[in-house]
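[1] Pasting the sequence and the predicted coordinates here, then a few questions.
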Amino acid sequence: MSELVDKLRPEFQDKEYRHAYADECLNTIVATQIKVLREQRGMTQKQLADATGMGQPRIPLLEDAAYQNWTVNTLKRFAKAFDVALSVKFEAFSDLIRDFENLSRESLQRPTFANDTQFQTQRTAFRRFHRAKYLPSRRRSRNWAMSRIGQTQVSNMGARQKPPKLAEGAAGAPSLQAANELGFHLAAAARGSQ
Amino acid sequence: MAKYAIYDYVHPVEGNLVKTWSIGLQKKERAKLNAKIDALAIHGPELIPGLLSPTGVPNIFKLKIKGQVQLRPMVCEGPGLEGAFTLLLGAIEISSEYDPINAPGRAANIRNDLLAHPERRVEHERIS
């Protein structure tokens, strides 16, 4: 049981009190997550203002835990700029207090779509294809054998056949679109060589 | 739970200034004030942006609580204690003016008094 919930239990018997307290928690969580996500993506306030189409002076306001005039539409613009989904839902007070109590940089960070593992199926397929085409069979066999005995694999790239470099996305990682395009070309080339 | 200890300053004649000030607030304002104090106790000033704002007076910060009345209790780190904050004085802000007048300056005097008389510090008394 949370120590904070224990402390708040008698106070929260009053409806006006608990709603005012919860408002303050929500404002704190929203402002903190905006700042954490901006920093996670290495963005300046100016870059975030550009990405959201807002004036630069609004960003420090929205990153202030005392700010309370944000709207869902404003948050949707931030969600698009950070390339994350916005989830607005009603919660039990205990859940909100738990989130407030467990607030941390790690708990507030979110991956961009490009780094969202659940949506990397096409990229994974491309990697498998790429590996099969470029990895010399003897080294592949050795890697397989070593992986079976729990040792680290040696480089999975053939020295003479370096893969073409992919265009980088916003977060510095190869963009999914570039990977897809390259995968398409490689697949076409493989079909031609058969 | 709490990473930081929160204290109140107790004036030798007027008693606990922040407690007296908190009793005079509306219920909604007290709830918001307590949420801010809890945030400071649990997370400290680093994670939450704008939790503690500078006042222009060295070592004196204000907690910002927005509402119909803009609460600005004056806070300092320590003093003389690691991992602690002391609520020095209750104040409000109206059109960029503090009530009481020169609240940050008064808070600085209280902080100096606390440094000379550390016994004038008590564990924060929560008013709900």
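    Perfect, thanks for sending it. Residues are numbered from 1 along each chain as shown, chains lettered A, B, ... in the order given.
[2] On the secondary structure side, give me the element for residue 127.
    Chain wasn't specified; assuming chain A. Element membership for residue A:127, per DSSP states H and E: helix A:121-134.
[3] What mean pLDDT does that helix get?
    Mean pLDDT, computed over helix A:121-134, is 66.
[4] again, but for stretch B:27-41
    The average of the pLDDT scores along stretch B:27-41 is 96.
[5] how about that stretch: buried residues?
    Across stretch B:27-41, burial judged by 16 or more other Cβ atoms under 10 Å in any protein chain shown covers B:28-41. Any C-beta I mention is one placed from the backbone N, CA and C, and that applies to glycine too.
[6] any chance of those in JSON lines, with distance to chain A too?
    Formatted as JSON lines, the buried residues of stretch B:27-41 follow (distance: Cβ to the nearest Cβ, whole Å):
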{"residue": "B:28", "distance to chain A": "4"}
{"residue": "B:29", "distance to chain A": "8"}
{"residue": "B:30", "distance to chain A": "7"}
{"residue": "B:31", "distance to chain A": "4"}
{"residue": "B:32", "distance to chain A": "5"}
{"residue": "B:33", "distance to chain A": "9"}
{"residue": "B:34", "distance to chain A": "7"}
{"residue": "B:35", "distance to chain A": "4"}
{"residue": "B:36", "distance to chain A": "7"}
{"residue": "B:37", "distance to chain A": "10"}
{"residue": "B:38", "distance to chain A": "7"}
{"residue": "B:39", "distance to chain A": "6"}
{"residue": "B:40", "distance to chain A": "11"}
{"residue": "B:41", "distance to chain A": "9"}
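[7] Pick the one among the residues you listed closest to residue A:7.
    Nearest to residue A:7 among the buried residues of stretch B:27-41: residue B:38, at 7.9 Å, using Cβ to Cβ.
[8] Show me what from chain A comes close to chain B.
    By Cβ under 8 Å from any Cβ of the partner chain, the residues of chain A that approach chain B are A:2-4, A:7, A:10-11, A:14, A:16-18, A:20-21, A:23-25, A:28, A:31-32, A:35, A:63-68, A:100-101, A:103-105.
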